[in-house]
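**Q** Next come a sequence and a model predicted from it.
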Amino acid sequence: MNPDLRFRSLAPWLRETFGQPIYRVALDAGSTCPNRDGTRGTGGCTYCDVEGSGTGALRTGEDVAEQLATGLKRIARREKKGQAVGAIAYLQSYSNTYGDINRLGELLGAVEPYLGGPVRCVSVATRPDCLTDESLQLMAKLSKRVPVWLELGLESANDQVLLDINRLHTLDEFFDAVKRAHQAGLSTVGHAILGLPGDGREGARATAEALAQAGCAGVKLHHLMVLEKTRMAHDWRAGNLEVLELETYLEWAADFIERLHPDQVVHRMTGEAPPEKLIAPQFGVHKTAIRERLTEVLSKRGTRQGSAYAGGSDALLQHQGTQP
């Protein structure tokens, strides 16, 4: 961990693990979710827009293989002094293990030609209630060639909050998914959102403790963002929804960081959205500034990541350092 940063951030860990700069290439596979198609519910999570927190790249007509090829060309421009850069092939939008298992095989097959070359890692975003044994077997097979991260949205450790935002899975389902992923030899990255309605500061602390208890190798954290074309946009405009101010978010995020396992890698500290989509909040600062401000908060407290760690699973230590 960088002693000046006070939490374990992703970029230095990637460079240390893979020996080169690593960048994500986000891929949109046109996936969906069981709380959109009626299997569990309809309408999706109340904060989620029509692109499922993804890029919407599939609408351009590029399939996943084409998106990856385009993305690899883009990040190759970041090479400096002849040092090659690597990529994380990131299946981002919606729940990519949901639905026909043959389709997941096709998606992973599109990535396969680049494994061991520019693609050093594969990351698959999904929900904890969309994880079949067959999907785990496919990803486990791929993990024999490169590390495979399974990104699982928890968002809150409070089942009532998850119900209220129409997420429609439970904390126990999240714990079970993480356990099964680890048994399959996969690494896990847990997602959390601070500021969800009814969650509060104690909810932020409880969610960090749950992610530490589960043993996720990585953690993605951001504040609640109100986006166009979401149900929360209607609530916000009607005056029925509050969002966090930057100073409040920094304090809550510091609480969160303190409760993580010291070795968990913090993949993300804030969310971003295109200006035309973002309604609130308008922080007006770059994500780098937020990381620096968070470090200042932790420094003033005299704390750092893991200072308030309450104990949990050490399963993360078995997977997060796995290299190809």
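**A** Thanks, I have the structure now.

**Q** Please enumerate the strands of the stretch 101-250 of the chain.
**A** Applying DSSP state E, counting those that start in this stretch to the stretch 101-250 of the chain gives strands spanning 119-126, 148-155, 187-194, 218-223, 226-227.

**Q** now the closest residue to residue 271 other than its chain neighbours: how far from residue 196?
**A** In space, and not counting its chain neighbours, residue 271 is closest to residue 222: 3.2 Å by Cβ to Cβ, 6 or more residues apart in numbering. (Glycine included, C-beta is placed from N, CA and C.) According to Cβ to Cβ, to the nearest Å, residue 222 stands 11 Å off from residue 196.

**Q** When the two are compared, which one has more neighbours?
**A** A count of neighbours by other Cβ atoms under 10 Å puts residue 196 above the other of residue 222 and residue 196, at 25 against 20.

**Q** okay but residue 85 is in contact with residue 79, surely?
**A** Yes. Shown here, residue 85 and residue 79 form a contact pair, counting by Cβ atoms under 8 Å, at 5.6 Å.

**Q** ok, the two, which is more surrounded?
**A** residue 85 (18 against 12).

**Q** Chain neighbours aside, what residue packs nearest to that one?
**A** Using Cβ to Cβ, 6+ apart, the closest residue to residue 85 is residue 21 (4.8 Å).

**Q** Now do the same for the residue in the chain sticking out farthest from the centre: its pLDDT.
**A** Using Cα atoms, centre = their mean, the residue of the chain lying farthest from its centre is residue 81. It sits 31.3 Å away. pLDDT for residue 81: 77.

**Q** and what of residue 91?
**A** 95.

**Q** so how far is residue 64 from it?
**A** Residue 91 is 8 Å from residue 64, where distance means Cβ to Cβ.

**Q** any shared contact partners between the two?
**A** 27, 29, 107 (Cβ atoms under 8 Å, 6 or more residues apart in numbering).

**Q** Sort the residues you listed by pLDDT and name the bottom one.
**A** At the low end of pLDDT for the shared contacts of residue 91 and residue 64 is residue 29, which has 90.

**Q** low-scoring stretches of the stretch 1-150 of the chain, by residue?
**A** 1-3, 51-61 (pLDDT under 70).

**Q** try 90
**A** 1-5, 30-32, 49-62, 79-84, 93-94, 99, 116 (pLDDT under 90).

**Q** Next, give phi and psi for residue 8.
**A** phi -90, psi 100 (degrees, to the nearest 10).

**Q** As a check, name the ranges of all helices in the stretch 101-250 of the chain.
**A** Taking DSSP state H, counting those that start in this stretch to define them, one finds helices in the stretch 101-250 of the chain at 101-111, 133-142, 159-164, 171-183, 200-214, 231-237, 246-258.

**Q** looking at these, which is closest to residue 309?
**A** Among those, the nearest to residue 309 by Cβ to Cβ is helix 200-214 (6.0 Å).

**Q** I figured residue 207 hits residue 196, correct?
**A** No. Applying Cβ under 8 Å, one finds residue 207 not in contact with residue 196, separated by 9.3 Å.

**Q** any common contacting residues for these two?
**A** Shared contacts of residue 207 and residue 196, counting by Cβ under 8 Å, 6+ apart, come down to 155-156.

**Q** count of neighbours near residue 278?
**A** Neighbour tally, residue 278, other Cβ under 10 Å: 16.

**Q** and the gap between it and residue 268?
**A** From residue 278 across to residue 268, the span is 16 Å (Cβ to Cβ).

**Q** do the same with residue 250
**A** Between residue 250 and residue 268 the distance is 15 Å, computed by Cβ to Cβ.

**Q** More neighbours: which of these two?
**A** residue 250 (21 against 17).

**Q** Let me know the pLDDT of residue 209.
**A** So, for residue 209, pLDDT stands at 97.

**Q** Just give me the neighbour total for it.
**A** 19.

**Q** is it true that it touches residue 154?
**A** No. Look at residue 209 against residue 154 with Cβ under 8 Å: they stay out of range, at 11.5 Å.

**Q** Would you check how far apart the closest residue to residue 78 other than its chain neighbours and residue 303 are?
**A** Excluding its sequence neighbours, the residue lying closest to residue 78 (Cβ to Cβ, 6+ apart) is residue 85, at 5.3 Å. The gap separating residue 85 from residue 303 is 34 Å, by Cβ to Cβ.

**Q** higher neighbour count, residue 91 and residue 64?
**A** It is residue 91, of residue 91 and residue 64, that has more neighbours when counted by other Cβ under 10 Å, with 27 against 21.

**Q** how about the more buried one, what does it touch?
**A** Going by Cβ under 8 Å, 6+ apart, the list of residues near residue 91 reads 27, 29, 31, 64, 107, 122-125.

**Q** now do residue 104
**A** With Cβ under 8 Å, 6+ apart, residue 104 has these contacts: 96-97, 135, 138.

**Q** No further queries at this time; thank you.
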